[in-house]
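# My questions concern the predicted model and sequence given below.
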Amino acid sequence: MSCLASCCASLTCGICTSVASSITKRSARLGYCGLFGVSLVLSWILREVASPLLKQFSWINTSDDLSKEWFQIQAVLRVSMGNFLFFGILSLILIGVKDQNDRRDALHHGGWIAKMVVWALLVILMFFLPNVFINIYGVLSKFGAGLFLLVQVLILLDATHSWNDSWVAKDEHKWYLALLAVSVACYLAAFTFTGILFIWFNPSGQNCGLNVFFLVTTIILGFVFAVIALHPQVNGSLLPASVISIYCAYVCYTGLSSEPRGYVCNGLHNKSKVVSTSTLVLGMLTTVLSVLYSALRAGSSTTFLSPPSSPRAGDRKTLLESDELESGKGKSEAEARPVTYSYMFFHLIFALASMYSAMLLSGWTSDSENADLIDVGWTSVWVRICTEWVTAGLYIWSLIAPLLLPDREFY
């Protein structure tokens, strides 16, 4: 038996070493994404099963009046806080890394076994903290989650403008036609989708004025985007306007679908009071993929919040190409190679994403409604709708700012 245990331990150690080595060689960013994804799955699992366990901890279970939902929120926030501290500490350590000759570059790309152990210890230690620290973190997480959503919007605006500029720069007739085709397709999709939402969230015979207001506002914003972008005095384009329109329609949908399941105007869900496991799994996977993509896209941006010596937008590299450069392939080690993205900002985004995911899984720390569902409740609705309006406001500002402030340069 001891021989078998020794073999299993050796095999496990070998697998961890192999995985860590592969992460270092391939892509550190993918490794951090994997670790973040594990933290989200762990939060979800503990949210469902940890309530009886937490009741056994006297420093957590301080009252007989605490509900099951309260313990679920505690489990989510404690895992999130450990994750936040892990990425936050890395972000602070890696401030100012400009080239790969900096010794801290090795910390970002290597030492994966040690980092996994540190991450696990931080998460475990959070379950030994008094409730007051977790309550403070829960309040701060609301602001951190809002900041993450703001960065997500800025990344979307940056991506759409970069996409448009790259096709316009080709200066060929076929690319102009492609711009027009994609723009028209996006607008058709946005308005068609919004029309479907009228059917789902404005059932006949019900007074759903709030939902109608949200949907009409979304349609009006789509038209406003096009009018402003095509104005002769505005240096705009139809492609970013159409992409932002379809994004606003999607965010409006996520907001309306977060309405409580028993709400009469939520025609998409109110006919079924029972939520299947497959629905919860699908919702969780969607949340995980959305947060991971946003964190990876934002943290790897080369167009804003990048270190001064890093390549700008014109030198964009693919994910694996960038990591090959960082591993030293094709260049002499003595040469000072600038980093391809801001390590500090990359980890900061994951720290904020930890707060955002905690808010999603805990219903924005509300234990009074739909505790068995992910990202459901009126708080989630208003967060989504406000995100849509902030997106619209930032996009409109990006179009009219050069006119209002002609003496300033905008990129």
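Perfect, thanks for sending it.
# What separation is there between G236 and R29?
According to C-beta to C-beta, to the nearest Å, G236 stands 32 Å off from R29. Glycine gets a C-beta too; all of them are placed from N, C-alpha and C.
# So which residues of this protein form helices?
Counting by DSSP state H, the chain has helices at residues 2-26, 28-49, 51-54, 68-93, 104-109, 112-126, 131-169, 173-201, 209-229, 238-257, 277-299, 319-326, 343-361, 378-404.
# Point out where the chain drops to low pLDDT.
Counting by pLDDT under 70, the chain has low-confidence residues at 1-26, 269-336, 365-376, 408-411.
# hmm, try it at 50
1-17, 21, 25, 271-276, 302-322, 324-325, 327-334 (pLDDT under 50).
# Nearest to T62, out of the helices of the chain?
For T62, the closest of those is helix 131-169, at 6.4 Å, according to C-beta to C-beta.
# Buried residues in that closest one, which are they?
131, 134, 137-138, 141-142, 144-146, 148-149, 151-158, 160-164, 167 (16 or more other C-beta atoms under 10 Å).
# what's that helix packed up against?
helix 68-93, helix 173-201, helix 238-257, helix 277-299, helix 343-361, helix 378-404 (3 or more C-beta pairs under 8 Å, 6 or more residues apart in numbering; DSSP states H and E).
# do that again at 6 Å, thanks
helix 68-93, helix 238-257, helix 277-299, helix 343-361, helix 378-404 (3 or more C-beta pairs under 6 Å, 6 or more residues apart in numbering; DSSP states H and E).
# if you compare these, which one is most tucked away?
Neighbour counts (mean count of other C-beta atoms under 10 Å) averaged over each of those peak at helix 343-361, with a mean of 26.
# by how many degrees do it and helix 378-404 diverge?
Interaxial angle of helix 343-361 relative to helix 378-404 (axes from the mean of the first three to the mean of the last three C-alpha atoms, to 10 degrees): 140 degrees.
# and the angle from helix 343-361 to helix 68-93?
180 degrees.
# Send me helix 343-361 as PDB with only the CA atoms.
Provided in PDB are the C-alpha atoms of helix 343-361 (Å, rounded to 0.1, in the frame of the first residue of the first chain):
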ATOM      1  CA  TYR A 343       2.100  42.400 -16.600                       C
ATOM      2  CA  MET A 344       0.800  44.600 -13.900                       C
ATOM      3  CA  PHE A 345      -2.400  45.500 -15.700                       C
ATOM      4  CA  PHE A 346      -2.900  41.800 -16.800                       C
ATOM      5  CA  HIS A 347      -3.000  40.700 -13.200                       C
ATOM      6  CA  LEU A 348      -5.000  43.700 -12.100                       C
ATOM      7  CA  ILE A 349      -7.700  42.700 -14.600                       C
ATOM      8  CA  PHE A 350      -7.900  39.200 -13.100                       C
ATOM      9  CA  ALA A 351      -8.100  40.700  -9.600                       C
ATOM     10  CA  LEU A 352     -11.100  42.800 -10.600                       C
ATOM     11  CA  ALA A 353     -12.500  39.800 -12.500                       C
ATOM     12  CA  SER A 354     -12.400  37.900  -9.300                       C
ATOM     13  CA  MET A 355     -14.600  40.500  -7.700                       C
ATOM     14  CA  TYR A 356     -16.900  40.600 -10.600                       C
ATOM     15  CA  SER A 357     -17.400  36.800 -10.700                       C
ATOM     16  CA  ALA A 358     -18.100  36.800  -6.900                       C
ATOM     17  CA  MET A 359     -20.900  39.300  -7.500                       C
ATOM     18  CA  LEU A 360     -22.300  37.100 -10.300                       C
ATOM     19  CA  LEU A 361     -22.300  34.000  -8.100                       C
END
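# Not counting sequence-adjacent ones, nearest residue to R78?
M126 (4.1 Å; C-beta to C-beta, 6 or more residues apart in numbering).
# Contact partners for the one you found?
78, 81-82 (C-beta atoms under 6 Å, 6 or more residues apart in numbering).
# same question, G146
G146 neighbours (C-beta under 6 Å, 6+ apart): none.
# And the helices of the chain: which comes nearest L268?
Comparing the helices of the chain by C-beta to C-beta, helix 173-201 comes nearest, at 4.6 Å.
# Mind giving me the packing neighbours of that closest one?
helix 209-229, helix 238-257.
# what's L140 in contact with, if anything?
Per C-beta under 6 Å, 6+ apart, neighbours of L140: none.
# Would you mind measuring from it to I134?
Taken as C-beta to C-beta, the span from L140 to I134 is 11 Å.
# before we move on, what about S39?
In terms of C-beta to C-beta, S39 sits 16 Å off from I134.
# Also L238?
48 Å.
# what residues are up against I244?
225, 395.
# what's the distance between N211 and I385?
10 Å.
# swap in L77?
L77 is 25 Å from I385, by C-beta to C-beta.
# W175 now?
Taken as C-beta to C-beta, the span from W175 to I385 is 35 Å.
# do the same with C208
14 Å.
# if I pick H108, what's in contact with it?
28, 94, 343.
# of these, closest to L107?
L94 (7.1 Å).
# what separates the closest residue to that closest one other than its chain neighbours from G267, distance-wise?
Nearest in space to L94, with sequence neighbours left out and distances taken as C-beta to C-beta, 6+ apart, is Y343 at 4.0 Å. In this view, Y343 and G267 are 46 Å apart by C-beta to C-beta.
# H231 too?
In terms of C-beta to C-beta, H231 sits 38 Å off from G267.
# Compare those two (neighbour count), which wins?
G267 (21 against 13; other C-beta atoms under 10 Å).
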